[in-house]
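A.B. asks: okay, predicted coordinates and the sequence, questions at the end:
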Amino acid sequence: MSDTASASPMAVTPLRAGALLDARAADTPARLDLGPVLRAYQAYGAVLLRGLDLDRRGFKDFTERFLDRFMDYVGGADNDRSSAYGDDNTVLTVTGGAVAKLAVPLHGEMFYTQPRPAALFFCCITPAAERGETTLCDGVALWNALPAAIQNRFDAQKIQYRRIYDRDTWHKVYRSDDLAQVEQRCADAGLGLRARDDGGIEVTHVCHAWLPTTAGKAFVNSILPWAAREYVAGMADSEVRFEDGSELPVDMLYEIHGIADELTQNVDWQPGDVALVDNRRFMHGRRAYDDLRRDIIMRLGAAPLEGAAGG
């Protein structure tokens, strides 16, 4: 990679979760040596690159140095998410619409469905004037910090996500008004789908709350936002349960939330920053904010990055 190497090595600063890499020595993003980035990604599971000063086009080009295949958001529950770069539906806005500005609990991206991305790329176009940090938590560290009693509960049983979409919403989520086509898509992905008398659909997904990685089990899932949607927001369209249908104890959810918060790194965005996150090892979220100029975009990597710790 000598023809694309930056002139000076990048300083690596370990964070509470992940690591910060100073990329200012690179002449251009196209000449940044990806070797140190990938080694840090393998070691830490998430890296924040500072000093690249990327815009939307630059972010698209830079991410394509790592992967040549990205996912769109078909099947994703946030149906207000849209393209952030023309007609390219793999360069996405982050959560917007009705839930813009609200805090988002830690979660793995699209863990309530299949397929799900293996790697995430984020880019800050404009940070919020105050707050609005993206949050990162290493799922391996979190699993290791959970009490044995909680680990045992999640070892003994898988979890089940259940989401109800009304007629208009499932058309947006799956970008189709053909129920047979959506049923086939869900069947191919191993999801359950039940058509409702009112024209809506109910989609279920059963999986472990953790993933195996080369670094150990990683507690990565969408439990916290789904539980918050049901128990805090009082919405009846989503639920997460143990596979046998029993509820996850609320006191256990609060305990997981508290332990995770102690391990969480806030990403204080600067314009042009890029973050690479192993979606099979890390959870991410967002702090609340008021500044609607906040503009963070992302891509969903369909394949693992070379050397990643996921297994």
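C.D. replies: Structure's in. What do you need? Model, not experiment: these values are computed from the prediction.

A.B. asks: going forward, measure contacts and count neighbours with C-alpha atoms only.
C.D. replies: OK.

A.B. asks: count the residues that sit near residue 47.
C.D. replies: Applying other C-alpha atoms under 10 Å, we find 28 residues neighbouring residue 47.

A.B. asks: ignore the last one, residue 293
C.D. replies: There are 11 residues near residue 293, going by other C-alpha under 10 Å.

A.B. asks: what strand or helix carries the residue most central in space within the chain?
C.D. replies: What sits nearest the mean C-alpha location of the chain, by C-alpha atoms, centre = their mean, is residue 109, with 3.1 Å. For residue 109, there is no host helix or strand (DSSP states H and E).

A.B. asks: let me know whether it touches residue 278 as I believe.
C.D. replies: No: Residue 109 is beyond contact range of residue 278, at 10.1 Å (criterion: C-alpha atoms under 8 Å).

A.B. asks: distance check, residue 157 against residue 210.
C.D. replies: As judged by C-alpha to C-alpha, to the nearest Å, residue 157 and residue 210 stand 11 Å apart.

A.B. asks: of these two, which one has the most company?
C.D. replies: residue 210 (22 against 15).

A.B. asks: return the residues in contact with the more buried one.
C.D. replies: 154, 217-221 (C-alpha atoms under 8 Å, 6 or more residues apart in numbering).

A.B. asks: and of those, the nearest to residue 37?
C.D. replies: residue 218 (21.5 Å; C-alpha to C-alpha).

A.B. asks: any stretches of the stretch 151-300 of the chain with poor pLDDT?
C.D. replies: Within the stretch 151-300 of the chain, not a single segment meets pLDDT under 70.

A.B. asks: please, where are all the helices along it?
C.D. replies: Remark: helices assigned in the stretch 151-300 of the chain by DSSP state H, counting those that start in this stretch are 167-174, 179-188, 223-227, 250-262.

A.B. asks: most tightly packed of those?
C.D. replies: Across the helices of the stretch 151-300 of the chain, the average number of neighbours (mean count of other C-alpha atoms under 10 Å) peaks for helix 223-227, which reaches a mean of 22.

A.B. asks: relative to residue 240, how far out is residue 251?
C.D. replies: Counting by C-alpha to C-alpha, the gap from residue 251 to residue 240 is 15 Å.

A.B. asks: cool, residue 276 as well?
C.D. replies: 28 Å.

A.B. asks: over to residue 173?
C.D. replies: Distance, residue 173 to residue 240, by C-alpha to C-alpha: 19 Å.

A.B. asks: residues touching residue 117, list them.
C.D. replies: 71, 109-110, 279, 300-303.

A.B. asks: quick one, phi psi at it?
C.D. replies: Residue 117 adopts backbone torsions of phi -70, psi 150, taken as degrees, to the nearest 10.

A.B. asks: what of residue 82?
C.D. replies: Dihedral angles for residue 82 - degrees, to the nearest 10 - are phi -130, psi 170.
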